[in-house]
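1. Give me a model of this one.
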Amino acid sequence: MIIRTMLVFLLMGIGVLAQDKPQDFVLDAAKPYAYLKFDRIADRKPLSSDEISRGLWLRLVNNCRIPIEIEIFNPGTGDPGVGVYDDIILTHSNVGYHLGKFGEQGKTSKADASTAQPPKGYSAPEVVSTTMIAPGASLLFSVPLNHVGPTWRLQVNFTLAPPESKTVQQPKNILSFGMYDLPPDYQREVHP
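-> Sure, this is the predicted structure:
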């Protein structure tokens, strides 16, 4: 009887410990907690006359158990997805890398790199709209294809938005995506 009672208490203790085990923060351990995923390169309606019509379509994927908040805008073009504010960041000041005519990776000359000019990203105004990306969900957006290039990449900011948090301002997180994050067959479309 004593052994049976001890066994019952032992099993109850193991059950309590199993219930208290915290869940993993990341949903898919093989991937980062948030990332930009290539969707496609396709035509899109430009937002201004100085934009190209070829677009890079990406998904911001929330791979963690906490919602993500990101600043967005309505591009007003009827294209699928939303507009996301992005910054264009130079990655190499004098020398960039590119794919040559036969797909060989090599260095551009300083002259080639200096003539390639990055465009402006989509700057956020003082008042913005935000949206939440639920755990395991993604958000589709597009930017002009030239927002990535041989010597620059795009960056988007987001914050984690814990439901119970009372903090006014959460820390900013940055995701970047460059030409070499594209599948190799698409890199030539960015920089032939």
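2. so Gly55 bridges to which residues?
-> Ala42, Pro144 (DSSP bridges).
3. How many residues are close by it?
-> 23 (other CB atoms under 10 Å). Bear in mind the C-beta positions are built from the backbone N, C-alpha and C, glycine included.
4. Would you confirm that it contacts Asn146?
-> No - using CB atoms under 8 Å, Gly55 and Asn146 do not qualify as a contacting pair, with a distance of 9.8 Å.
5. Quick check: the residue nearest to Ala161 when sequence neighbours are not counted vs Ala34, distance?
-> Excluding its sequence neighbours, the residue lying closest to Ala161 (CB to CB, 6 or more residues apart in numbering) is Glu69, at 4.2 Å. In this view, Glu69 and Ala34 are 11 Å apart by CB to CB, to the nearest Å.
6. Common neighbours of those two, please.
-> Common neighbours of Glu69 and Ala34 are listed as Phe158 (criterion: CB atoms under 8 Å, 6 or more residues apart in numbering).
7. who's more crowded, the two?
-> Neighbours per residue, other CB under 10 Å: of Glu69 and Ala34, the larger number sits with Ala34, 22 against 15.
8. Does that one have any beta-bridge partners, and if so which?
-> As for beta bridges, Ala34 partners with Asn62 under DSSP bridges.
9. 35 is where my numbering starts, stick with that
-> Fine by me, first position is 35 from now on; the one you just mentioned is Ala68.
10. what's the residue closest to the geometric middle of the chain?
-> Nearest to the mean C-alpha position of the chain, counting by CA atoms, centre = their mean, stands Leu70 at 2.8 Å.
11. wait, doesn't that one sit right on Arg93?
-> Yes - counting by CB under 8 Å, Arg93 is a contact partner of Leu70 at 7.2 Å.
12. does the residue nearest to the centre of the chain count as helix, strand or coil?
-> strand (DSSP: H, G, I helix; E, B strand; the rest coil).
13. show me the contacts for it.
-> Per CB under 8 Å, 6+ apart, neighbours of Leu70: 92-95, 190, 209-211, 215.
14. what residues are up against Gly170?
-> For Gly170, the contact set (CB under 8 Å, 6+ apart) comprises 61, 96-97.
15. Please convert the contacts of Leu70 to TSV, extending it with neighbour count.
-> As requested, the contacts of Leu70 are exported to TSV (neighbours: other CB atoms under 10 Å):
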residue	neighbour count
Leu92	28
Arg93	17
Leu94	21
Val95	22
Val190	24
Leu209	18
Ser210	15
Phe211	22
Asp215	17
